[in-house]
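>>> this one's structure only:
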């Protein structure tokens, strides 16, 4: 059985991974401290034709998370220049991850610390697994859920536990029994006429933000509500989404089946494609 991660094959031939630190090629010596730089956050994006959908959302994610973790954020034009430099010698289509971290590393108060560093990595373009996926329902609440931080050992742990139990991935349920998100995904559901977004503490994904604003422009009803295991039989479909894709069908969560809802998946992809690509 293929896991979600295993199915997320690159769309292009394997390419050299590029790593740049603060806009310059990162040496092994410069990268060594990263082994102790777990106090960090990041954003991941798919670059197509040298441009990105939802660039404003990625930049705002980096800004707000830096303020939350470090009390300050780098100027947007500097961050954007780091992203642009990393693309200079690469193909037009690729995956890009920008990680912002504290030079002082973990386990220190770091009062008055220096400005955070930015590591930008590029690799092969990806589109995510084909699906449909079966998700295990796991009780878990992320620390600092609104921040896309690197302290996420539980995500990989629960993914592996789910695969060992015959699932493709894991969906998280909070202490009140509400679905929030999946391991590296946002969740979205369909009631037959409207898109239903789970109400719980979670990371608001950039793809989720793109889809929501484009659904508004398309006049598609959507709402935020609590979704529990008991609500699943009443729903007409479900998907996961992240920077790879705006929608992969979920056909089962735990023991509860979900309808395939191909029109729902197609709607999400149409909304995503309506978002303009913005050059870095």
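Nice, I can see it. Every value quoted in this text rests on a predicted model; they were computed, and no experiment measured them.
>>> give me the mean pLDDT for the helix or strand where residue 162 lies.
Assigning secondary structure by DSSP states H and E places residue 162 in helix 153-164. On average, the pLDDT along helix 153-164 is 96.
>>> which strands or helices does it pack on?
strand 133-139, strand 169-173 (3 or more C-beta pairs under 8 Å, 6 or more residues apart in numbering; DSSP states H and E). For the C-beta atoms, the positions are set from N, CA and C on the backbone; glycine is no exception.
>>> let me know which of the ones you listed is tucked in deepest.
Highest mean neighbour count among the helices and strands packed on helix 153-164 (mean count of other C-beta atoms under 10 Å): strand 169-173, with a mean of 25.
>>> just give me the longest helix of the chain.
helix 55-70 (DSSP state H).
>>> what helix or strand is residue 45 on?
For residue 45, the enclosing helix or strand under DSSP H and E is strand 40-47.
>>> so what touches that strand?
Strand 40-47 has contacts (C-beta atoms under 8 Å, 6 or more residues apart in numbering) with 52-55, 58, 61-62, 65-66, 69, 87, 92-102, 122, 125-126, 147-150, 206, 242-244, 280.
>>> in strands, which of those residues fall?
Counted as lying in strands by DSSP state E, out of these, are 52-53, 94-101, 122, 242.
>>> the residue nearest to residue 70 when sequence neighbours are not counted: how many residues sit nearby?
Using C-beta to C-beta, 6 or more residues apart in numbering and skipping the chain neighbours, the partner closest in space to residue 70 is residue 116 (5.3 Å). Number of residues near residue 116 (other C-beta atoms under 10 Å) recorded here: 24.
>>> list the contacts for residue 116?
66, 70, 72, 74, 100-103.
>>> again with residue 132
Per C-beta under 8 Å, 6+ apart, neighbours of residue 132: 248-251, 260.
>>> take the residues you listed and write them to TSV, including distance to residue 215.
What follows is the contacts of residue 132, written out as TSV (distance: C-beta to C-beta, whole Å):
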residue	distance to residue 215
248	17
249	18
250	19
251	23
260	20
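>>> make a PyMOL selection of whichever of these turn out to be buried.
The PyMOL selection below is limited to those of the contacts of residue 132 classed as buried (16 or more other C-beta atoms under 10 Å):
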select buried, resi 248+249+250+251
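>>> which secondary structure state does residue 175 sit in?
Secondary structure state of residue 175, per DSSP: H, G, I helix; E, B strand; the rest coil, is coil.
>>> on that earlier part again, redo the helices and strands packed on helix 153-164 as TSV? Include mean pLDDT.
Formatted as TSV, those follow (pLDDT from 0 to 100):
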stretch	mean pLDDT
strand 133-139	98
strand 169-173	98
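>>> which parts of the strand holding residue 45 are buried?
Those would be 40-47, for strand 40-47 by 16+ other C-beta under 10 Å.
>>> of these, closest to residue 201?
When the buried residues of strand 40-47 are ranked by distance to residue 201 (C-beta to C-beta), residue 41 comes first, at 16.5 Å.
>>> in the sheet, who's paired with that closest one?
As for beta bridges, residue 41 partners with residue 100, residue 149 under DSSP bridges.
>>> and it, how far from residue 150?
7 Å (C-beta to C-beta, to the nearest Å).
>>> pull up the overlap in contacts between those two.
By C-beta under 8 Å, 6+ apart, the residues touching both residue 41 and residue 150 are 99, 101.
>>> and the least confident of the buried residues of strand 40-47?
Sorting those by pLDDT puts residue 40 at the bottom of the list (93).
>>> and that residue, how far from residue 62?
For residue 40 relative to residue 62 (C-beta to C-beta), the value is 11 Å.
>>> can you check which residues contact both of the two?
Common neighbours of residue 40 and residue 62 (C-beta under 8 Å, 6+ apart) are residue 100.
>>> so residue 239 makes contact with residue 253?
No - counting by C-beta atoms under 8 Å, residue 239 sits too far from residue 253 to count as a contact (11.4 Å).
>>> what about stretch 106-122, start to end distance?
25 Å (C-alpha to C-alpha, to the nearest Å).
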